[in-house]
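Colleague: Quick one, fold the following:
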Amino acid sequence: MHQAELDGLIKKFDNESNFRDLKGVLKWLVTITCVVLSVFHIYTAGFGLLNEISHRTVHMAFIMGLLFIVFPRRPPKHLRVNAVLSLVYGAFYLLIAYQLVSALDGMIPAWWGWGIYGFALLMSISALPIAALEGRNKPSWIDWPLMLAGAGFSAYLVIFFKDIFIVNIGFPKSFDYLMGGIAIMLVIEGARRTMGESLSIIGVLALLYAMFGTQMPGMMAHRGYDIIRLVEHLYLGTEGIYGIAIGVVATYVFHFVLFGVLAQASGLGQLFIELATVVAGRYAGGPAKVSVVSSGFFGMISGSPVANTVTTGAFTIPMMKKYGFSARFAAATEAASSCGGQVTPPIMGASAFVMSEMLGVPYNELILIAIIPAAFHYLATLCMVHFEARRLNLKGMPADQIPQLGNVLARHWHQVIPLVVMVTLLMMQFTPFLAAFWGIILTITCSYIPLILRPLGFLRLDHKSVLTPKRLVAALEEGSKQSIAITAACACVGFLLGVTTLTGLGFKFSGAIVGLAVEFGTTLSAFIPFDLITTDSLTLFIALILVALACILMGAGIPTTPTYIILAAIVAPALDDFGIALLASHFFIFYYGVLADVTPPVALAAYAGAGISGSEPMATGVTAFRLSMGKVLVPFMFIYAPSLLFLDFTWTEFILAMISGITCIVALSAAYIGFFSAPLSRLEKTVLSLAGLSLVAHNPWFLAISGALVVLILGRNYRIGHYQQPTAIEVKGV
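Modeller: As a prediction, the model looks like this:
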């Protein structure tokens, strides 16, 4: 596929990269603004941040100003549904205006009131599915006032910082409340434009829940809060728009997104693909294993599963098809592997930085904790790829297509220096943004090493990846653009976090989950003979299932970071009541939130892979979900065996958990593919599935019995396959 087609796939399936193709003077203005924002963050990362509120508001002023120019309005896919939702948004904006004007009656001039009504009406028009307002490649007339207001509500806090947060703290002025109302409307609209309807509707529902708490039924009822209290909490404090989510984006996430963009521009992605080919290309089904390994490498520096799928998939998917894998299996393998990057150290995507901030756990500790779960995910994917290759009797890549390790290192060694330095600084407990600062600086400077060493005869170095001024400006611009959507999403999530702290929503939701789990656990335990499973164990298992389902449903259509923040606020407390360590419960919801990109019906990474391979998207999503079995099972493993996260660590439990986990993954992988060393019968696949699933519970008796069954079945199958000459089998995929 041509680069233009690949870019089109990213825009189609990755909302965060759906930028306008601007031209002329406007393009240069946006480029200059993006470069200034990137330079601001690089400078503050290396030489000191502003105070908490100022840093976040400056970041938001730039981002919200860019958002309505860079991102087009989302064209309606289902006109009737879109029209109904548009009316909902319009009614909400007018409600905010009405509440503000009513609350400030007699305190503001009449024309101020008419002004806020006029702005709400403008927002309502913006939400309507009017084709003339789309502005695909250039802003429409409605985008300009939204751009000015988007930059203005944060710039207002920057300009009048002393009056609002020092001199008059606790006594806001009337105009402060009006700016807060405008901020609420624009954050909802910004999230809708960049992320789609799901997240923005959640933000609207959270605000309505806060305002009309007295009308809520049963345990969901609360005292209710007027718009004045909400503006004070969500706009004039650090519990809402400018809360922890935006704080993490402005101090950690932006820098690592920018590092990833610069690293890719400097050729690090090509290095990963070549190293993966060296490591895995020669073995059975080599191209698929190259896909798994290269996507894991690339995912460490990429925050987007869709972009990862398209970038590495453009190389690996056609190669997998060429060597005998079905189009569906090839696309699913790439998607499942690419999504693993968000749980793979050392960067792990933006969610890990949020987790570090929310839990107060140093980031270098999170890196170590995440190693074993990430390894299990890739082990599961590699096992299924290997068994599928053996089932189809596929060979490895020819030796002449596998690069020599010495040649690869000779051409690319300079590109590894920034990543090594950055990881070293993280492990030495330097702040993540300082580590990213040196990663960025070294990525730029090291890209010039080939030019510096060329006169000395170092001709084998990669000279095409030098970050020339033109390429550097393009990378700085791309880094800022890639941060717009995640910032808008986190600002909207701030509404939910703020409402949760006001109303106790998280405790109410977790109470409902605990109540359901106890009720189901007590009922089901009556049907289990001989007390094989205690009521408490059964209740915990049901609670984990309910939380997992809530995570997957919440993650449908919402990126990983806002999904994690939402789940951490309202779902994670449910697991605290079962005595589960806070870190384990947060890793549990984090893993299930990541699954959204390969979970139909909204499996965006799988759909992007299907666009490259030409396979059926929904079937590809189902296969990708099955290939992501490691991410499905690993959270249950470390809940039952915290030693896998180095919590309550003992060598006995850790070794037992590792044996149990590896056996489980091998058994289920063989059962799903229907092949180990020879084809498996239906009975053998059933027994392997049940035995593998029982190993997740980390029970010594289950390990002994189920492990024996797995060894017996796979050992017999190995003997059969060892004495039979394998033959090619029709390609069907999983």
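
Colleague: Spatially central residue for this protein, please.
Modeller: Centroid check for the chain by CA atoms, centre = their mean gives residue 560 as the closest residue, at 2.9 Å.

Colleague: quick one: pLDDT of that residue?
Modeller: Reported pLDDT at residue 560 in the predicted model: 76.

Colleague: just checking, it touches residue 595?
Modeller: No: the pair residue 560 and residue 595 does not pass the contact test of CB atoms under 8 Å, sitting 9.4 Å apart. C-beta coordinates here come from the backbone N, C-alpha and C atoms, glycine included.

Colleague: could you pull out the helices for the stretch 551-700 of the chain?
Modeller: Under the criterion DSSP state H, counting those that start in this stretch, helices of the stretch 551-700 of the chain are mapped to 560-570, 573-576, 582-594, 604-613, 617-627, 629-640, 651-673, 682-695, 700-722.

Colleague: For residue 515, find the nearest of those.
Modeller: helix 573-576 (9.9 Å; CB to CB).

Colleague: helices or strands up against that closest one?
Modeller: helix 505-525, helix 535-555, helix 582-594 (3 or more CB pairs under 8 Å, 6 or more residues apart in numbering; DSSP states H and E).

Colleague: how about the longest helix belonging to the chain: buried residues?
Modeller: The helix that spans the most residues within the chain, counting by DSSP state H, is helix 469-503. In terms of neighbour count (16 or more other CB atoms under 10 Å), helix 469-503 has its buried residues at 472-500, 502-503.

Colleague: try stretch 448-455
Modeller: 449-450.

Colleague: and what of stretch 589-606?
Modeller: Buried-residue list, stretch 589-606, by 16+ other CB under 10 Å: 589-600, 602-606.

Colleague: Stretch 154-162 now?
Modeller: 154-158, 160-161.

Colleague: Between these, which sits nearest residue 707?
Modeller: The closest of the buried residues of stretch 154-162, once distances to residue 707 are taken by CB to CB, is residue 154, at 57.8 Å.

Colleague: Could you pull up the residues touching that closest one?
Modeller: Applying CB atoms under 8 Å, 6 or more residues apart in numbering to residue 154 gives the contacts 57-58, 60-61, 64, 183.

Colleague: Which of these has the largest number of neighbours?
Modeller: Neighbour counts for the contacts of residue 154 (other CB atoms under 10 Å) peak at residue 60, which has 29 neighbours.

Colleague: Leaving out the residues flanking it, which one is nearest to that residue?
Modeller: Once flanking residues are discounted, residue 60 sits nearest to residue 154: 4.0 Å by CB to CB, 6 or more residues apart in numbering.

Colleague: Likewise for residue 625?
Modeller: That would be residue 598: by CB to CB, 6+ apart, it lies 5.2 Å from residue 625.

Colleague: repeat for residue 135
Modeller: With CB to CB, 6+ apart as the criterion, residue 135 has its nearest non-adjacent residue at 5.7 Å, and that residue is residue 72.

Colleague: Which of the three states applies to the residue sitting furthest away from the middle of the chain?
Modeller: For the chain, the largest distance from the centre (CA atoms, centre = their mean) belongs to residue 106, which lies 46.7 Å off. On the three-state scheme (DSSP: H, G, I helix; E, B strand; the rest coil), residue 106 is labelled coil.

Colleague: so of the helices and strands packed on helix 573-576, which one's packed in deepest?
Modeller: helix 582-594 (a mean of 24; mean count of other CB atoms under 10 Å).

Colleague: Mean confidence (pLDDT) on that one, please.
Modeller: 87.

Colleague: could you give the angle of that helix to helix 560-570?
Modeller: 130 degrees (axes from the mean of the first three to the mean of the last three CA atoms, to 10 degrees).

Colleague: same for helix 582-594, what does it pack against?
Modeller: helix 350-359, helix 535-555, helix 560-570, helix 573-576, helix 629-640.

Colleague: Contact partners for the residue nearest to residue 354 when sequence neighbours are not counted?
Modeller: By the measure of CB to CB, 6+ apart, the closest residue to residue 354 outside its immediate chain neighbours is residue 248, 4.9 Å from it. Counting by CB under 8 Å, 6+ apart, residue 248 touches 350, 353-354, 357, 490.

Colleague: which one of those residues sits closest to residue 536?
Modeller: Nearest member of these to residue 536, counting by CB to CB, is residue 354, at 31.5 Å.

Colleague: That closest one and residue 560 touch, don't they?
Modeller: No: counting by CB under 8 Å, residue 354 sits too far from residue 560 to count as a contact (9.9 Å).

Colleague: which ones are touching residue 322?
Modeller: With CB under 8 Å, 6+ apart, residue 322 has these contacts: residue 287.

Colleague: Give me the distance between it and residue 397.
Modeller: Separation of residue 322 from residue 397 (CB to CB, to the nearest Å): 10 Å.

Colleague: if I look at these two, which residues touch both of them?
Modeller: With CB under 8 Å, 6+ apart, residue 322 and residue 397 have common neighbours residue 287.

Colleague: Quick check: end-to-end length of stretch 42-55?
Modeller: Its start and end residues considered, stretch 42-55 measures 13 Å (CA to CA, to the nearest Å).

Colleague: ok but residue 32 is inside a helix, no?
Modeller: Yes: according to three-state DSSP, residue 32 belongs to a helix.

Colleague: ok, it - how many residues close by?
Modeller: Residue 32 has 12 nearby residues by other CB under 10 Å.

Colleague: do residue 39 as well
Modeller: The number of residues near residue 39, taken as other CB under 10 Å, comes to 12.

Colleague: Excluding chain neighbours, what is closest to it?
Modeller: Excluding its sequence neighbours, the residue lying closest to residue 39 (CB to CB, 6+ apart) is residue 476, at 7.2 Å.

Colleague: now swap in residue 101 and tell me
Modeller: Using CB to CB, 6+ apart, the closest residue to residue 101 is residue 113 (4.3 Å).

Colleague: Ok, residue 467 next?
Modeller: Closest residue to residue 467 apart from its sequence neighbours, by CB to CB, 6+ apart: residue 447 at 4.3 Å.

Colleague: could you check the distance from the one you found over to residue 418?
Modeller: Residue 447 is 9 Å from residue 418, by CB to CB.

Colleague: for residue 444, same thing?
Modeller: 9 Å.

Colleague: And the two? Which one has more around it.
Modeller: Under the criterion of other CB under 10 Å, the comparison of residue 444 against residue 418 puts residue 418 first, with 25 against 19.

Colleague: Following element in sequence after the helix or strand hosting the more buried one, please.
Modeller: Residue 418 is part of helix 405-427, with elements assigned from DSSP states H and E. As assigned by DSSP H and E, the chain's next helix or strand after helix 405-427 is helix 432-446.

Colleague: Now do that following helix against helix 350-359: the angle between them, please.
Modeller: 150 degrees.

Colleague: what comes into contact with helix 432-446?
Modeller: With CB under 8 Å, 6+ apart, helix 432-446 has contacts from 42, 45-46, 49, 251-252, 255-256, 258-259, 262-263, 266, 353, 356, 363, 414-415, 417-419, 421-423, 425-426, 467, 472.
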